[in-house]
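Chemist: Sharing a model that was predicted from the sequence below.
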Amino acid sequence: MSGELSEEQSSIFAMAADFAAQELAPHALEWDEQKHFPVNVLRKAAALGMGGIYIRDDVGGSGLTRMDAALIFEALSQGCPVIASFLSIHNMCAWVIDAYGSEAQRQKWLPQLTPMELIASYCLTEPSCGSDAANLSTKAVRDGDDYLITGQKQFISGAGASDIYIVMARTGAAGAKGISAFIVPKDAEGLSFGANEKKMGWNAQPTRTVMFDNVRVPVENLIGQEGIGFKIAMSALDGGRLNIAACSLGGAQAAFDKALAYMDERKAFGSKLHQFQALQFRLADMATELEVARTFLHRAARALDRHDADAVKLCAMAKRFVTDAGFNVANQALQLHGGYGYLSEYGAEKLVRDLRVHQILEGTNEIMRVIIARELLSGRDK
Ligand SMILES: Cc1cc2nc3c(=O)[nH]c(=O)nc-3n(C[C@H](O)[C@H](O)[C@H](O)COP(=O)(O)OP(=O)(O)OC[C@H]3O[C@@H](n4cnc5c(N)ncnc54)[C@H](O)[C@@H]3O)c2cc1C
């Protein structure tokens with residue numbers, strides 16, 4: 001871990017790493033195999049302050065920074081990146097209410113969200129638009145003191161298990177400015193869920209379609225005002241992208257540590273694997289990738305904490321770079337295990353499967369390049 005951490009940051013990392021070692025790592029393979037979503041373990045994490053990491057403390061949040069969050073998600077992911085990632089999504093939803101909600105919404109929802117008595121999911125993607133989210137078609141139509149929401153959300157993490165849903169829906173004209181954000185409780189009439197998707201990884205959390213058939217929510221569940229839903233969704237993702245990058249980093253570090261331990265034991269041609277210089281060079285490159293990824297992730301997290309003008313660009317760069325590096329390191333770690341890397345009991349193949357989706361969700365790595373290029377080239381061609 002970086003020598004630039006304060007004493008408090010080092011103890012935050014140690015607390016999360018300890019939780020990961022005790023509560024996540026021993027069960028991660030079984031949860032993956034049985035597709036079990038361990039809600040009780042999420043609540044244990046919340047009891048240590050990880051259900052509202054950067055939420056203000058008057059509603060039970062921990063009041064920490066994005067930099068602290070990056071440390072927590074890296075540490076948790078060394079035990080299980082899937083559970084860490086879900087905690088990130090829940091934190092992102094709670095932050096939306098803390099940052100954009102009314103005082104009444106903050107007081108109503110956050111004291112239940114921070115201890116994870118209530119669990120939250122984030123609903124942006126739709127069956128026919130993911131990357132082009134500003135084009136979404138789920139509609140919310142005003143009806144007296146309520147809104148009626150109709151449409152469908154696709155790939156929603158935690159859906160069916162979560163208690164509330166932060167839903168982006170169209171209240172106005174086409175485009176980003178016609179979108180609003182709502183808090184939709186699970187028991188709202190007309191809300192239903194598809195089957196748990198069969199996936200390559202991320203099996204310890206459910207992914208479902210969420211269907212809205214004239215779902216009635218009161219006007220007081222509108223977050224902020226009409227028309228700012230896309231801005232809310234995108235600003236939540238800036239932090240979410242740092243978290244997901246931190247989850248890749250922690251998962252990749254765990255894969256690297258497994259490979260190193262394996263190479264101390266395994267022999268070929270009369271030597272331990274770590275004695276082959278070709279493999280030493282591979283380890284050197286993997287360790288370098290991890291250090292560069294960590295250093296850059298921390299740079300982006302500090303920029304977001306300071307609200308720097310280039311924070312959006314840096315968050316996109318961090319998400320792109322760290323999730324690519326994390327996947328590559330995990331994949332190399334599998335290779336270094338030879339055939340055993342392909343067997344589930346060694347844990348390397350699970351990490352490869354889990355980290356693969358980090359290159360796709362919270363904005364694909366192609367879309368990260370779109371964001372970076374837009375920031376680099378803004379102001380030209382006018
Ligand atoms: C396991 C899992 C969990 C998820 N959880 C959630 C969740 O909780 N909430 C939520 O809202 N969403 C969630 N998602 C959805 C995820 O964010 C989207 O899948 C992702 O944003 C990509 O959208 P898409 O699948 O529609 O792909 P598309 O947008 O159809 O993209 C297809 C391909 O085209 C590329 N592409 C598209 N546009 C461009 C462009 N302009 N330039 C270059 N390349 C481009 C993409 O990068 C991709 O490679 C989840 C997805 C998965 C797999």
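Modeler: Ah, there it is.
Chemist: The most far-flung residue of the chain relative to its centre and the ligand: what is the separation?
Modeler: Taking Cα atoms, centre = their mean, the residue of the chain most remote from its mean C-alpha position is Gly270, at 43.7 Å. Noted for Gly270: a distance of 44 Å to the ligand, by Cβ to the nearest ligand atom, to the nearest Å. All C-beta spots, glycine's among them, are computed from the backbone N, C-alpha and C.
Chemist: Would you agree Asp238 is in contact with Leu304?
Modeler: Yes: Asp238 is within contact range of Leu304, at 6.2 Å (criterion: Cβ atoms under 8 Å).
Chemist: Name the residues contacting each of these two.
Modeler: Residues touching both Asp238 and Leu304 by Cβ atoms under 8 Å, 6 or more residues apart in numbering: 311, 315.
Chemist: does stretch 360-367 come close to the ligand?
Modeler: Yes: contact between stretch 360-367 and the ligand, assessed by Cβ under 6 Å from any ligand atom, occurs at 360-364, 366-367.
Chemist: Would you mark the buried spots in that stretch?
Modeler: 361-365, 367 (16 or more other Cβ atoms under 10 Å).
Chemist: that older thread, backbone phi and psi for the residue farthest from the centre of the chain, please?
Modeler: phi 80, psi 0 (degrees, to the nearest 10).
Chemist: Just the pLDDT at it, thanks.
Modeler: Model confidence at Gly270, given as pLDDT, is 98.
Chemist: Up against the ligand, what does the stretch 1-150 of the chain have?
Modeler: 89, 121-125, 130-131.
Chemist: go on, the stretch 201-350 of the chain?
Modeler: 202, 207.
Chemist: give me that answer again for 8 Å
Modeler: By Cβ under 8 Å from any ligand atom, the residues of the stretch 201-350 of the chain that approach the ligand are 201-202, 207.
Chemist: what about whichever residue of the stretch 1-150 of the chain sits closest to the ligand, neighbour count?
Modeler: When scored by Cβ to the nearest ligand atom, the stretch 1-150 of the chain has Gly130 as its residue closest to the ligand, at 1.9 Å. Around Gly130 there are 18 other residues, counting by other Cβ atoms under 10 Å.
Chemist: Check Gln152 too.
Modeler: Gln152: 18 neighbours (other Cβ under 10 Å).
Chemist: again, but for Leu260
Modeler: Leu260 has 16 nearby residues by other Cβ under 10 Å.
Chemist: tell me which element it is part of?
Modeler: Per DSSP states H and E: Leu260 is located in helix 229-265.
Chemist: Okay, now the unreliable bits of the stretch 251-382 of the chain?
Modeler: Applying pLDDT under 70 to the stretch 251-382 of the chain flags residues 382.
Chemist: can you give me the strands for it?
Modeler: 267-268, 271-272 (DSSP state E, counting those that start in this stretch).
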